[in-house]
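Novice: build me a structure from this.
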Amino acid sequence: MSLVSKAQRGGQREQSAKEPIRVLFLNTRSALGADVAVHLTLAKAYPVEECSTTFITNSRASDAATTIERLQSFGKVKAAPMRLGYELVNRRDRISRVAGMIGNLYELAKALPELRRRIKQDRIEIIHSTDRPRDALLSTWLAKSSGRPNLIHVHIKWYPEIGRLTNWALRKATGVIAISDFVRNSLVDGGISASKIYRVHNATDPEEFDPARFEGCQIRRRYGIGESAPLIGIVARIMVWKGHRELVEALALIRKEFPNVKLLVVGLPDKVTSPDSYDQQVKARAKELGVGQSIIWAGWINEIPEVMAGLDVLAVPSWEEPFGLVVTEAMAMEKPVVGFRSGALPEIIEDGKEGLLVEPKNVEQLSRGLCELLGDPDRRREMGRLGREKVLNQFSPRHQAAAMAAIYRRICRQV
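Specialist: Down below sits the predicted model:
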């Protein structure tokens, strides 16, 4: 298949600089995660005069029908399901895992001709995928075989175990999007050329997360939490680096000052990264400290704005957090955040303004910060006001979409 030359593409883009950039989002996931949710937010936020969007998503995903329905509700996105691999989590023995990986590679290779046809049909100019191995590999294969540039959107800190496929794709991709300076710096440390890394912070929709639309008493009534009881929340997968254990230990100290405090734990155990029953270890620690009755293990709750509305403060005791969408979600809902001064949190929270930042893994400082805000409702309200203001001015989908569209145009001019 003949490829369009760089000179031709550059000339075409110069002549049509005011036309929308034609973007292909590629999602091979077996189920949506926060990374693909970011792409959905972008697809919804792009003004039609800036970007024309095609979204190809895995028809074998457990939530494929819901994803397509959501994309179609935007009214401006071409949504197309395709067979792009299947889940490998339940394949425990090495032979089955290897066979599954080979099967997935075969599925991706089979999809390439149809994807190239779609690129030509929709006159796609740039391919945008996530850092997940299948996404990263397929988008880079597709970019090389179709002559289009591609972007890999990185939502995690780079580390050696990120995998050979993702590492190869990051080095071969036209550009890399980092969701924070923390992630960007880790990529540079990992050997990815700084010249092709662009930092674009994630966003939270202030219309979806609007405190005027929700009553805090709803979530409290659901779990039998009194309106006057101090309520701390954590919204995160239950895994070691999210800091649930540290928060439970801090709760034991907080109870000395606020005996009726409650901790609402929203999230499910991450069995992939924490197969050693970390959640059971945290529950055992809570029992050992005598705080078990102060904790509500809610599992996953879809109505996150409703959760935020009922909290007094959100705790984010994770370390090396790549971004933390729950942080901007809490801010949009006018709730202060107490977290560790680690990862990307200092890029979002200014200590003393939208929340408090304490030293990583320091349980005493964490408990002191939470007590400080639980005992000062006026300060919580002011921090909440400043938090929503910051989301509106810096972390809205409009800002994220504008930054991404500028990167698309820059790359399309360069290739």
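
Novice: below-threshold pLDDT in this structure: ranges please.
Specialist: Along the chain, the model assigns pLDDT under 70 to residues 1-17, 86-103, 272-276.

Novice: strands of that one, residue ranges please.
Specialist: Here the chain has its strands, by DSSP state E, at 21-27, 51-58, 77-82, 126-130, 150-154, 175-178, 197-199, 231-235, 262-266, 295-299, 313-316, 337-340, 355-358.

Novice: what is the fourth one packed up against?
Specialist: With contacts defined as 3 or more CB pairs under 8 Å, 6 or more residues apart in numbering; DSSP states H and E, the packing partners of strand 126-130 are strand 21-27, helix 34-45, helix 133-146, strand 150-154, helix 397-414. Every C-beta, even on glycine, is put in place using the N, C-alpha and C of the backbone.

Novice: now swap in the first one and tell me
Specialist: Applying 3+ CB pairs under 8 Å, 6+ apart, one finds that strand 21-27 makes contact with helix 34-45, strand 51-58, helix 94-121, strand 126-130, helix 133-146, helix 397-414.

Novice: with the longest one instead?
Specialist: On a contact count with 3+ CB pairs under 8 Å, 6+ apart, strand 51-58 meets strand 21-27, helix 34-45, helix 64-73, strand 77-82, helix 94-121, helix 397-414.

Novice: partners of that strand in the sheet?
Specialist: Applying DSSP bridges, strand 51-58 is found paired with strand 21-27 (parallel), strand 77-82 (parallel).

Novice: what comes up buried for the longest one?
Specialist: What that stands for is strand 21-27. Buried residues in strand 21-27, defined by neighbour count with 16 or more other CB atoms under 10 Å: 21-27.

Novice: gap between that strand and the chain center?
Specialist: On the basis of CA atoms, centre = their mean, to the nearest Å, strand 21-27 is displaced by 18 Å from the centre of the chain it belongs to.

Novice: how about stretch 340-350: buried residues?
Specialist: Using 16+ other CB under 10 Å as the burial criterion, the residues of stretch 340-350 that qualify are 340-349.

Novice: okay, the residues you listed in a markdown table with distance to residue 295 next?
Specialist: Compiled in a markdown table, these are given as follows (distance: CB to CB, whole Å):
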| residue | distance to residue 295 |
| --- | --- |
| 340 | 20 |
| 341 | 25 |
| 342 | 24 |
| 343 | 25 |
| 344 | 27 |
| 345 | 23 |
| 346 | 28 |
| 347 | 30 |
| 348 | 26 |
| 349 | 25 |
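
Novice: now intersect these with the helices, please.
Specialist: Judged by DSSP state H, those include 345-348 as members of helices.

Novice: could you chop the chain up by domain?
Specialist: By the record's domain assignment, the chain is partitioned as 6-203+396-414, 211-394 (automatic domain parsing).

Novice: returning to that earlier point: for the buried residues of stretch 340-350, work out which two are farthest apart.
Specialist: The most widely separated members of the buried residues of stretch 340-350 are 340 and 347, with 13.3 Å between them, by CB to CB.

Novice: picking up where we left off before, in a markdown table: the ones in helices among the buried residues of stretch 340-350, plus distance to residue 268.
Specialist: Compiled in a markdown table, these are given as follows (distance: CB to CB, whole Å):
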| residue | distance to residue 268 |
| --- | --- |
| 345 | 23 |
| 346 | 28 |
| 347 | 27 |
| 348 | 24 |
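
Novice: of the residues you listed, closest to residue 215?
Specialist: Checking those against residue 215 with CB to CB, the nearest one is residue 348 at 26.4 Å.

Novice: tell me who's in contact with that closest one.
Specialist: For residue 348, the contacting residues are 201, 323-324, 327-328, 331, 354, 390, 395, taking CB atoms under 8 Å, 6 or more residues apart in numbering as the criterion.

Novice: need the contact partners of stretch 151-164.
Specialist: Under the criterion CB under 8 Å, 6+ apart, residues 34-35, 38-39, 126-131, 133, 135-136, 139-140, 169-170, 173-179, 182-183, 186-187, 189-190, 192, 320, 322-323, 343, 407-408, 411 lie in contact with stretch 151-164.

Novice: can you say which of these are buried?
Specialist: Members of the contacts of stretch 151-164 classed as buried by 16+ other CB under 10 Å are 34-35, 38-39, 126-131, 133, 135-136, 139-140, 169-170, 173-179, 182-183, 186-187, 192, 320, 322-323, 343, 407-408, 411.

Novice: wait, residue 255 touches residue 249, no?
Specialist: No: using CB atoms under 8 Å, residue 255 is not in contact with residue 249; the gap is 11.3 Å.

Novice: so which of these two has more stuff around it?
Specialist: Counting neighbours by other CB atoms under 10 Å for residue 255 and for residue 249 shows that residue 249 has the greater number, 21 against 18.

Novice: so that one versus residue 287, what's the distance?
Specialist: Spatial separation of residue 249 from residue 287 under the definition CB to CB, to the nearest Å is 13 Å.

Novice: neighbours around the closest residue in space to residue 250 that isn't next to it in sequence, how many?
Specialist: Counting by CB to CB, 6 or more residues apart in numbering, residue 250 lies nearest to residue 367, which is 3.9 Å off, once chain neighbours are set aside. Residue 367 is surrounded by 23 other residues when neighbours are defined as other CB under 10 Å.
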